[in-house]
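In: Take this sequence and fold it.
(chains A, B and C)
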Amino acid sequence: MSDIVATDRIAPLEENPERAGFLSWVASVDHKQIGIMYLLSGLAFFGLGGLEALIIRVQLAMPGNHVVTPDTFNQLFSMHGTTMIFLVIMPVMAGLTAYVIPLMIGARDVAFPRLNALSFWVQLFGGVLLYFSFIAGGAPNAGWFSYAPLSEPAFSFNNGVTYWVLGLLGIGIGTLAGAINMIVTILKLRVPGMTIRRVPLFVWMTLVNSFLMVLALPVLNASLVMLAADRLLNAHIFTPAFGGSAILWQHYFWGFGHPEVYIMILPAFAIISEVIPVFAGKPIYGYEFVAGSTVAIAFLSFAVWAHHMFAVGLGHLFDLFFGISSMTIAVPTGIKIFNWTATLYKGRIRFTTAMKFAVSFLLMFTIGGLSGVSFAVVPLDWQLTDTYYLVAHLHYVLFGGSVFAILAGIYYWFPKMSGRLLNEHIGNWHFWLTFVGFNLTFLVQHLLGMMGMPRRVFTYPDWPGWMTLNMISTIGAFVLLLSVIVFLWNIMVSLKTGEIAGDNPWDAWTLEWATTSPPPPENFDLVPPVHGRRPLWDLKHPDRADELVAAAAGK
Amino acid sequence: MQGVVTLNPFSPQAAAISHLFVAILLVLAGIFALVAALVIYASIRYRDRPGAPEASQEFGSRRLEIAWTLGPVLLLAVIFAFMVRAINASDPPIEDRQPDLRVIGHQWWWEVEYPKSGVVTANEIHIPIGTSMLVEVDAADVIHDFWVPELARKVDAIPGHVNHLWIRADTAGVYWGACAEFCGSEHAWMRMIVVAQPQADFDAWQSVQLTTPPIPVAGAQGQGAQLVKDETCLNCHAISGLPGNKRIGPDLTHIAGRRIIAAGATENTPENLYRWLKDPASIKPESHMPNFLLSDDNAHALVAYLETLN
Amino acid sequence: MSKSKLAVVLFILSEVVFFALLIVAYVYFHAYPGEGPTAANSLNAARTGVFSIFLFASSGTMALASRSYRVKSGAMLGWLIVTVVLGGIFLFGQAHEYMGLYASGVTANRSLFATTFFTLTGFHGLHVAVGLLAITVVAVLTASGSFGATERETEAFGSVEIYWHFVDAVWVVIFSIVYLWAFL
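Out: The predicted structure is shown next:
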């Protein structure tokens, strides 16, 4: 007990004289407030991106619909993808990590609190700039990956794609700064006793993910800068008609784009690695392998980008290489799924709403991961890429994967952030509406792709089965709308009258649960000693502390 | 396209993919069933309920880790072997063969020419059954993608980077295709059909395509022929026998014989042709075909003339 | 490694990737030039080489400033000012070069060489300018007497120093690939 550490190792922050009030939030450099602002901004953009998706689904519910013009449709799906990726999933993950990481490592704040605030505001500004395009001549309409030459001024006449470039540059800079901040925080501010081998997996995966961001975001920035040269300076880097290369854009973009999808799923893995063990009541199965496979995925993620380009015709040898690397990356992912499943065995599973989302993540992400494996098989990609089968795949990994994990994380950490539990009864409704709505929307899209429906089409021929399947998908989208309404209602009701959470409502083990809910500005009065991976478990069961058990087992 | 086209091949190339696809789907379904069974079983068997035993504090098993690492690796190695075979079967090398067809993607129609015979057409490709035709795929503006799922893989049409594709149908019929790379507003209506017919019929079709239709002088058809010249149609379209040879819009020399117009946005009937000429946006909202504000009379005349172009 | 140093090293890591991609694009279009002006017929390696020497020298003077800071010899401010002047001369040379190219019709959109040249050297110049700004801030603080020797200030200065050396190192690579290689 003599090694309880006080958290004044770091120079005290200037206290915010008034914690309440709108202005204190705007000026805040407190990681908890910044985290919450990230979550709120992510929620707002989720509404916008969701609205875009609903309009798309209404237009596609029946063939020959005229709900929107083709160009508006193109703006809608381009903004939907860009919004969900850059303004929802990434900021929400940034918000959760900003909030939780310092608490989990027993620190007072992140390494650079002002930089943390800058990251948030720059990201928000980038998002606002992007959405400004709607009233400045039209939103970007060349897809979320803006292939050249369609994205060039000759074919994309309004300023939309330029807003896309500038908005993403802003968001990219904010994200990069956030990643650097997180790495320094994790490497430098851990409480003594929390060696790097004892960090919670949420911390480890955030660390690995941050390195991914440091290496992948500059690839995007370089690509954007070159597209900006084409669009603003009349250059021709990507226009073949003047000697440029359209394929160069694809290599560069996917050089970012592929690591980017891992940047979006690794935090999801991180959340799941905390939620499942806590609600199963036992430690994560195979900690070292889950941690190690994360590093493997990070390395491999830079070696698979051209599996987005199998239809480009770069030669069989090229395709084979990327087919192999893409199949290989399935192995460390599978290792994780198996370890999370094994964590359930011989547990005592409490099916809170958080756990429902986490367990269904296992199933939904497996579907998405397996359909991804079908794309790694090059000849199958040659039929299925750019069809609704791909749309199904990406939504199973990004919605069934990332969003389900985010929802699990929110139900898990909401009590810590607000002091009150989210209502479990409403949560149950939220979960089932989400689960049913999600599968209704996207499961049939596998079939639509196999039946030949390309993606990014504003309408389709009235062929047998096409309307029925599209209609089912649209109905699913409205069920999802209902689930979001229920979720918002849960948040509002619980903030007012939710059950008081206390320090550790879930009987969890990581350090954030060793302080009040919500935590005081300096996070901790005293930090518990850390001798293992589950400090609060060890504290509660000193005779069965993890390291004792491991030592007894002869490890 | 009718039915699950990616599993309904009509060529050996498409069949190679389709067979592999079925096998992979079964394997993946099996894996999912396994994972789902494990997760659901554990969720039920080990759920918290009164009298349930305490959670067992275990940390892992090296043997299991090795098993579920090696297992997938072996499975993927097997898949890889089959994949190599399917790549070669579905996309055979072109060697020294000169292309039998050139397909050029435009926003939003397909230019088609047969280099060996000189036939030029649009959106509707004819091939003799049982013969593998080598198609050269190119693009005039942005990236498109040539995809006829019942017959072959898809391949991008990229300006500055020519691709090749083997097209073959072993059964006579009409096979639908679509552009499969987002190319702008009317990407949804950039479709094409491949008409596979017996060799004799194909040869007959080719010879008809090579003829120059007569230019009528009298009646509505004559009026229409004159209008084609007056209304600047020939600034974009080519009609053999009339001045100009532009490829900004589809070649119209034998348009009356085609099954679709506006790259599949609608069927080729006199009524649809009339509608198209009167108001292209009503059929294909943002196509590059201008609205010439034709009078009803002129539009009918044009249709009359175009219907002579068999 | 301190927090600041780690942060700057990570930032430099990301910048290495950024510049690497711009260099790859430059090299690609050097191999597949297309029409219009090229490096060989537009650039003056000798003149740019002279200006580059000023930039490399500024790395040396920066190191001298750092040494003065550590031994508290009082020469730090002087060396910082020299560093800014040397870096400024380099930027002046670059601006002069740009204006000359522009006057002879070699604008950013004239050829793929021109586009990638201006993008690559332009972003480098931007990084030089930002670096000079940072050094100027340190110099001003030193002159006003408020730049002391606390751990925090030492780390801040160390970060600026690392960044400046990085900017110079990038120029070694860019100068070699753009100017020297074109004339080989």
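In: so what's A:Leu215 closest to, chain neighbours aside?
Out: Nearest non-adjacent residue to A:Leu215, counting by CB to CB, 6 or more residues apart in numbering or on different chains: C:Val17, 5.7 Å away. To be clear about C-beta, it is placed using only N, CA and C from the backbone, and glycine gets the same treatment.
In: now that neighbour, what's its secondary structure?
Out: Judged by DSSP: H, G, I helix; E, B strand; the rest coil, the three-state class of C:Val17 is helix.
In: Just the helices from the stretch 301-450 of chain A, written as ranges.
Out: For the stretch 301-450 of chain A, applying DSSP state H, counting those that start in this stretch gives helices covering A:316-328, A:330-344, A:353-376, A:378-384, A:388-397, A:404-418, A:424-450.
In: Counting neighbours, show which residues of the first one come out buried.
Out: This means helix A:316-328. A:319, A:321-328 (16 or more other CB atoms under 10 Å in any protein chain shown).
In: Give me the angle between that helix and helix A:353-376.
Out: 160 degrees (axes from the mean of the first three to the mean of the last three CA atoms, to 10 degrees).
In: go on, the fifth one?
Out: Orientation note: helix A:388-397 sits at an angle of 150 degrees relative to helix A:353-376 (the same axes, to 10 degrees).
In: what inclination does helix A:388-397 have with respect to helix A:330-344?
Out: 40 degrees.
In: and helix A:388-397, average pLDDT?
Out: What helix A:388-397 shows for mean pLDDT is 98.
In: same question, the second one
Out: The pLDDT scores in helix A:330-344 average 97.
In: can you tell me which residues contact the residue nearest to A:Leu215?
Out: For C:Val17, the contact set (CB atoms under 8 Å, 6 or more residues apart in numbering or on different chains) comprises A:215, A:218-219, A:222.
In: Which pLDDT value goes with the closest residue to A:Asp525 other than its chain neighbours?
Out: Nearest residue to A:Asp525, sequence neighbours excluded (CB to CB, 6+ apart): A:Thr515, at 7.5 Å. On the pLDDT scale, A:Thr515 is placed at 95.
In: Go ahead and confirm A:Thr515 touches A:Gly106.
Out: No - the pair A:Thr515 / A:Gly106 is not scored as a contact, 9.6 Å apart, by CB atoms under 8 Å.
In: Just want to know which of the two has more residues nearby.
Out: Neighbour comparison, A:Thr515 and A:Gly106: the larger count goes to A:Gly106, with 28 against 22 (by other CB atoms under 10 Å in any protein chain shown).
In: Distance of the more buried one relative to chain C?
Out: Using CB to the nearest CB, to the nearest Å, A:Gly106 is found at 16 Å from chain C.
In: Quick check: phi and psi on that residue?
Out: phi 80, psi 30 (degrees, to the nearest 10).
In: For burial, what's the neighbour tally of the residue in chain B positioned nearest to chain A?
Out: Per CB to the nearest CB, B:Gly160 is where chain B lies closest to chain A, at 2.9 Å. Using other CB under 10 Å, B:Gly160 is surrounded by 17 other residues.
In: okay, it: pLDDT?
Out: You'll see B:Gly160 listed with a pLDDT of 92.
In: any idea which helix or strand carries the nearest residue to C:Ser2 once chain neighbours are set aside?
Out: In space, and not counting its chain neighbours, C:Ser2 is closest to C:Glu155: 4.8 Å by CB to CB, 6+ apart. In this structure, C:Glu155 sits in helix C:151-174 according to DSSP states H and E.
In: and that helix, average pLDDT?
Out: pLDDT averaged over helix C:151-174 gives 94.
In: okay, the helices of the stretch 301-450 of chain A in CSV with distance to chain C next?
Out: Formatted as CSV, the helices of the stretch 301-450 of chain A follow (distance: least, CB to the nearest CB, whole Å):
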stretch, distance to chain C
helix A:316-328, 16
helix A:330-344, 23
helix A:353-376, 25
helix A:378-384, 25
helix A:388-397, 25
helix A:404-418, 26
helix A:424-450, 33
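In: And the residue of chain C closest to chain B?
Out: C:Tyr32 (10.2 Å).
In: Now for the residue nearest to A:Asp525: which residues touch it?
Out: Counting by CB under 8 Å, 6+ apart, A:Thr515 has contacts A:103, A:503, A:523-525.
In: and what of A:Trp513?
Out: Contacts of A:Trp513 (CB under 8 Å, 6+ apart): A:416, A:503-504, A:506, A:536.
In: nearest spatial neighbour of the closest residue to chain C within the stretch 51-200 of chain B, skipping sequence neighbours?
Out: Nearest residue of the stretch 51-200 of chain B to chain C, counting by CB to the nearest CB: B:Gly160, 10.2 Å away. Distances taken as CB to CB, 6+ apart place A:Pro240 nearest to B:Gly160, at 2.9 Å, with adjacent residues excluded.
In: now the helices for chain C?
Out: Ranges of helices within chain C are C:3-31, C:39-42, C:45-71, C:76-103, C:112-143, C:151-174, based on DSSP state H.
In: and these, which one is worst for confidence?
Out: Among the helices of chain C, helix C:39-42 carries the lowest mean pLDDT, a mean of 88.
In: next one: the helix or strand where A:Met471 lies to chain centre, how far?
Out: Using DSSP H and E, A:Met471 sits in helix A:466-497. Here the centre of helix A:466-497 is set off from its chain's centre by 20 Å, with CA atoms, centre = their mean, to the nearest Å.
In: relative orientation of that helix and helix A:388-397 in degrees?
Out: 20 degrees.
In: and the angle for helix A:466-497 with helix A:404-418?
Out: Computed by the same axes, to 10 degrees, the angle between helix A:466-497 and helix A:404-418 is 10 degrees.
In: For the helix or strand that comes right after helix A:466-497, name the packing helices and strands.
Out: Sequence-wise, the next helix or strand downstream of helix A:466-497 (DSSP H and E) is helix A:535-540. Packing partners of helix A:535-540 (3 or more CB pairs under 8 Å, 6 or more residues apart in numbering or on different chains; DSSP states H and E): helix A:546-552.
In: So what touches the helix it packs on?
Out: A:283, A:531-534, A:537-538, B:57, B:59.
In: Tell me which residues touch C:Ile89, please.
Out: By CB under 8 Å, 6+ apart, C:Ile89 lies in contact with C:51, C:54.
In: do the same with C:Ser68
Out: Residues near C:Ser68 by CB under 8 Å, 6+ apart: C:74-76, C:78-79.
In: what about it, distance to C:Ser2?
Out: 20 Å (CB to CB, to the nearest Å).
In: likewise C:Gly87?
Out: 25 Å.
In: For the two, indicate the residue with more neighbours.
Out: Higher neighbour count among C:Gly87 and C:Ser2: C:Gly87, with 26 against 16, using other CB under 10 Å.
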